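In: can you look at this prediction? I've put the sequence above it.
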Amino acid sequence: GKVVLITGSSAGIGAATAVQFSRAGAQVVVTGRRADKVSQVAKECLKVSPNGTKALEVVADVTKVDDLRRLVDTTIKHFGKLHVLVNNAGAGFPIGIDNKDYYETYLKTMQLNLNSVVYLTHICVEHLEKTKGNVINISSVAALQSGDGASPYHMSKVAMDMFTKCMAAELGPKRIRVNVINPGPIRTEILNAAGLPQHIIDKHDDYFSSVLPLGRVGDPDDIADSILYLASDHAAFITGTNLLSDGGAIAANAINNKALKEVLFHSTNILALLIFLHDLYTIWFGLRRRVNTNKRLDGQVVVITGGNTGIGKETAYQLSLRGAKVYIGCRDETKGNTAVNEIVIRNPKAVIRLLTLDLCSLQSVRRFCKELSKLETKIDILVNNAGIFGAPEGRTDDGFELHLGVNHLSTK
């Protein structure tokens with residue numbers, strides 16, 4: 001009889017979870033962007049429900065705040081309560097940092113994988129407190145391991161894991177449990193959604209079946225089983241936990257081990273071959289590299305944000321000693337000029353200049369970059385140092401929450 005809301009439940013892990021909760025007697029909310037898929041999953045839920053309970057169908061886009069509000073309002077109006085929130089909706093979009101569409105893809109990924117989770121949890125707390133319910137977030141092994149060419153996805157999942165821990169600590173006194181599951185390779189539609197052709201997806205599944213300790217990729221029901229466990233009273237003393245369900249991928253380092261390189265090397269895919277050679281070079285170079293902390297940086301152009309105080313100012317000074325041409329960016333021109341003068345006093349040979357930069361404004365960031373491009377044809381080193389902590393509630397000039405806008409978005 002518990003009420004369970006599952007985002008992204010029109011396919012894959014979400015659909016399997018909705019069916020399993022229905023089989024267990026829960027009252028389920030099925031939601032997704034496509035009405036036909038939502039309806040199909042709802043029919044499957046009805047078939048297995050021991051009480052003949054029909055799932056509530058809500059077509060919604062989790063990237064839209066109004067849709068999220070409507071989703072929760074409809075759930076409460078229909079059932080009058082909420083016991084379990086499963087934040088499952090998400091996707092990954094392969095892209096490199098040098099791609100012209102990188103930042104837009106980053107924002108799109110964060111809106112879907114992280115912002116929707118934060119907002120939906122936020123507006124569900126009052127209802128979950130009444131039922132002493134729980135939240136289960138669906139992350140990924142991508143939160144535990146870096147990857148080439150998909151950094152927005154990895155970052156979104158790392159942030160989700162930390163959000164889970166923070167909420168477990170904050171909501172525990174309200175008797176709301178919050179946990180996260182990190183699935184490994186699962187046979188779902190996420191790779192199709194990322195735009196990969198089926199033959200590449202098949203190779204992906206075949207590879208992992210060959211290297212995972214359990215000898216297969218996961219099925220959506222594998223993750224659904226874990227979700228039902230964390231939602232049950234059997235997990236009543238578990239909160240703030242990452243439940244790794246990956247077939248042993250992390251334990252065996254199966255995502256980056258030698259077998260993967262051999263698969264890529266023998267592939268006819270030229271891109272895969274280049275990735276293999278890149279990885280091989282990285283390992284070779286990493287084993288032989290010796291860092292010289294006194295290395296000269298004569299003529300190299302260095303940009304340091306927040307360079308008017310603390311770590312930023314000391315970094316500017318140290319790099320100026322090594323011959324670098326340093327630009328520091330900060331909001332307060334007076335403090336910036338004071339920092340420049342202090343550095344020149346300590347190092348009369350310092351080549352250093354102040355440029356005004358306010359990370360609360362994307363317009364200021366763009367203006368800073370335009371001014372810098374007039375002065376230099378290249379940047380050798382960028383130090384994203386500026387940041388804030390414990391600031392009053394507020395938003396940047398572009399509407400982002402202050403900490404997120406200054407500490408994170410501005411570096412992209």
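Out: All right, it came through fine.
In: residue contacts, the spatially most central residue of the chain?
Out: In the chain, the centroid-proximal residue (Cα atoms, centre = their mean) is residue 156; its distance is 0.6 Å. Contacts for residue 156 (Cβ atoms under 8 Å, 6 or more residues apart in numbering) come out as 90, 109-110, 112-114. For every residue, glycine as well, the C-beta is placed using N, CA and C.
In: for those, give me JSON lines that also has secondary structure, pLDDT and distance to residue 199.
Out: Shown next, in JSON lines, are the contacts of residue 156 (DSSP: H, G, I helix; E, B strand; the rest coil; pLDDT from 0 to 100; distance: Cβ to Cβ, whole Å):
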{"residue": "90", "secondary structure": "coil", "pLDDT": "91", "distance to residue 199": "24"}
{"residue": "109", "secondary structure": "helix", "pLDDT": "94", "distance to residue 199": "25"}
{"residue": "110", "secondary structure": "helix", "pLDDT": "95", "distance to residue 199": "30"}
{"residue": "112", "secondary structure": "helix", "pLDDT": "95", "distance to residue 199": "26"}
{"residue": "113", "secondary structure": "helix", "pLDDT": "95", "distance to residue 199": "27"}
{"residue": "114", "secondary structure": "helix", "pLDDT": "96", "distance to residue 199": "31"}
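In: hang on, the residue nearest to the centre of the chain in a helix?
Out: Yes: under DSSP: H, G, I helix; E, B strand; the rest coil, residue 156 falls within a helix.
In: distance of it from residue 215?
Out: 30 Å (Cβ to Cβ, to the nearest Å).
In: in the chain, where is pLDDT below threshold?
Out: 190-197, 200, 204, 254-295, 387-412 (pLDDT under 70).
In: break down it into its strands, ranges please.
Out: Listed in chain order, the strands of the chain (DSSP state E) span 3-6, 27-32, 56-59, 84-87, 134-138, 177-183, 242-245, 301-305, 325-330, 351-356, 381-383.
In: would you reformat these as JSON lines and include mean neighbour count?
Out: Shown next, in JSON lines, are these (neighbours: other Cβ atoms under 10 Å):
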{"stretch": "strand 3-6", "mean neighbour count": "28"}
{"stretch": "strand 27-32", "mean neighbour count": "28"}
{"stretch": "strand 56-59", "mean neighbour count": "20"}
{"stretch": "strand 84-87", "mean neighbour count": "29"}
{"stretch": "strand 134-138", "mean neighbour count": "26"}
{"stretch": "strand 177-183", "mean neighbour count": "25"}
{"stretch": "strand 242-245", "mean neighbour count": "18"}
{"stretch": "strand 301-305", "mean neighbour count": "23"}
{"stretch": "strand 325-330", "mean neighbour count": "25"}
{"stretch": "strand 351-356", "mean neighbour count": "17"}
{"stretch": "strand 381-383", "mean neighbour count": "15"}
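In: got JSON lines for these, with distance to residue 148 too?
Out: Shown next, in JSON lines, are the strands of the chain (distance: least, Cβ to Cβ, whole Å):
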{"stretch": "strand 3-6", "distance to residue 148": "31"}
{"stretch": "strand 27-32", "distance to residue 148": "30"}
{"stretch": "strand 56-59", "distance to residue 148": "36"}
{"stretch": "strand 84-87", "distance to residue 148": "27"}
{"stretch": "strand 134-138", "distance to residue 148": "23"}
{"stretch": "strand 177-183", "distance to residue 148": "19"}
{"stretch": "strand 242-245", "distance to residue 148": "22"}
{"stretch": "strand 301-305", "distance to residue 148": "25"}
{"stretch": "strand 325-330", "distance to residue 148": "29"}
{"stretch": "strand 351-356", "distance to residue 148": "32"}
{"stretch": "strand 381-383", "distance to residue 148": "20"}
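In: so which of these is nearest residue 72?
Out: For the strands of the chain, the distance to residue 72 is smallest for strand 3-6, at 7.6 Å, taking Cβ to Cβ.
In: so what strands line up beside that closest one?
Out: Applying DSSP bridges, strand 3-6 is found paired with strand 27-32 (parallel), strand 84-87 (parallel).
In: got those strands as JSON lines, with distance to residue 242 columns?
Out: Formatted as JSON lines, those follow (distance: least, Cβ to Cβ, whole Å):
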{"stretch": "strand 27-32", "distance to residue 242": "25"}
{"stretch": "strand 84-87", "distance to residue 242": "14"}
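In: so which of these comes closest to residue 71?
Out: Closest among these, using Cβ to Cβ: strand 27-32, at 5.9 Å.
In: what residues does the closest one touch?
Out: Here strand 27-32 has contacts from 1-11, 14-15, 18, 21-22, 38, 41-42, 45, 53, 55-60, 71, 75, 79, 89, using Cβ under 8 Å, 6+ apart.
In: among those residues, name the buried ones.
Out: For the contacts of strand 27-32, a burial check counting by 16 or more other Cβ atoms under 10 Å picks out 2-11, 14-15, 18, 21-22, 38, 41-42, 45, 55-60, 71, 75, 79, 89.
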